[in-house]
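1. sequence plus the predicted model coming up.
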Amino acid sequence: MSADCCSAKSSELEKLARQTEQRRVLVIVLVINAVMFVLEFGAGIIAGSAALMADASDMLGDALVYAVSLYALARSDRWKAGVAMLKGLVILALGVGIAINVVAKIQSGVPPSSTLMLVFGALALAANLYCFRLLTRFRHQDVNMASTWECSRNDLINNCGVLLAAALVWWLASPWPDVIIGSLMALVFLRSALRVIAEAAPQLRSA
């Protein structure tokens, strides 16, 4: 009886410690993403880059995602599945927003500033690599943290896309690399959104 009690207490303490560590990591990545959104979106407006503004919008979406992840940490499986579903819907909305931005860029036809794209794309990549490293060890713990890790992985893909677009804009002196990369980023968002929603929906129903 005593051994069972100690085992239960040990398991509960281990769970609480894990949640405390998750919370600390989520706060760090939330702050990083919020700061990077302000910097990168401002640079995207100045540079006239659809890809850079799309990447910045992703930063804002991630900051919101990490905020709701923090809210769900100590709650039930139903809450965690609901939060994961919300993340999927946020990612979906961002994908649609990026697609609209790309259409506007096609209509303007003005090449963006490749220098600003390179500088802020590289800065965003460094920030997201750090966030990704922090989140990787938690990705198998529950659906909430798994969907959070999915968002972070998408960030790295987007950052590489921005840097590629910047190099091609500089080389070709054309807005089309920015338009094409922005379109691909929108597709990545939509694909990821469908995956997160598909994983969260059955858990939400069963919970």
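-> Yep, it's here.
2. center of the protein - which residue?
-> By Cα atoms, centre = their mean, the chain has its centre lying nearest to residue 151, at 3.4 Å.
3. so that one touches residue 91, yeah?
-> Yes - the criterion here is Cβ atoms under 8 Å, and residue 151 meets it with residue 91 at 6.9 Å. (Each C-beta comes from the backbone N, C-alpha and C, glycine too.)
4. overlap in contacts of these two?
-> Here residue 151 and residue 91 have 61, 192 as joint contacts, going by Cβ atoms under 8 Å, 6 or more residues apart in numbering.
5. got the residue ranges for the helices in this protein?
-> 2-47, 50-72, 77-108, 114-136, 143-172, 176-206 (DSSP state H).
6. most tightly surrounded among these?
-> helix 50-72 (a mean of 24; mean count of other Cβ atoms under 10 Å).
7. quick one: that helix to helix 143-172, angle?
-> 170 degrees (axes from the mean of the first three to the mean of the last three Cα atoms, to 10 degrees).
8. show me what helix 50-72 is packed up against.
-> Here helix 50-72 touches helix 2-47, helix 77-108, helix 114-136, helix 143-172, helix 176-206, going by 3 or more Cβ pairs under 8 Å, 6 or more residues apart in numbering; DSSP states H and E.
9. average pLDDT across that helix?
-> Across helix 50-72, pLDDT averages out at 78.
10. do stretch 97-113 as well
-> In the prediction, stretch 97-113 has an average pLDDT of 79.
11. show residues contacting that stretch.
-> By Cβ under 8 Å, 6+ apart, stretch 97-113 touches 46-54, 57, 169, 173-175, 178-179, 182-183, 185-186, 189.
12. swap the cut-off to 6 Å and go again
-> 47-50, 54, 169, 173-175, 178-179, 182-183, 185-186 (Cβ atoms under 6 Å, 6 or more residues apart in numbering).
13. also stretch 30-45?
-> 52-53, 56, 59-60, 62-63, 66, 116, 120, 124, 127, 131.
14. looking at these, which one is closest to residue 28?
-> Nearest to residue 28 among these, counting by Cβ to Cβ, is residue 131 at 7.7 Å.
15. from what I see, that closest one and residue 28 are in contact.
-> No - applying Cβ atoms under 6 Å, one finds residue 131 not in contact with residue 28, separated by 7.7 Å.
16. so where is the chain shaky, pLDDT-wise?
-> 1-19, 69, 72-77, 140-145, 147, 207 (pLDDT under 70).
17. repeat that for 50
-> 1-14, 16-17 (pLDDT under 50).
18. can you redo the helices and strands packed on helix 50-72 as TSV with distance to residue 70?
-> Formatted as TSV, the helices and strands packed on helix 50-72 follow (distance: least, Cβ to Cβ, whole Å):
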stretch	distance to residue 70
helix 2-47	5
helix 77-108	10
helix 114-136	13
helix 143-172	10
helix 176-206	17
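19. for residue 71, find the nearest of these.
-> Between those, helix 77-108 lies closest to residue 71; by Cβ to Cβ that is 7.0 Å.
20. now the closest one: how far from the chain's centre is it?
-> Helix 77-108 has its average C-alpha position 10 Å from the chain's average C-alpha position, going by Cα atoms, centre = their mean, to the nearest Å.
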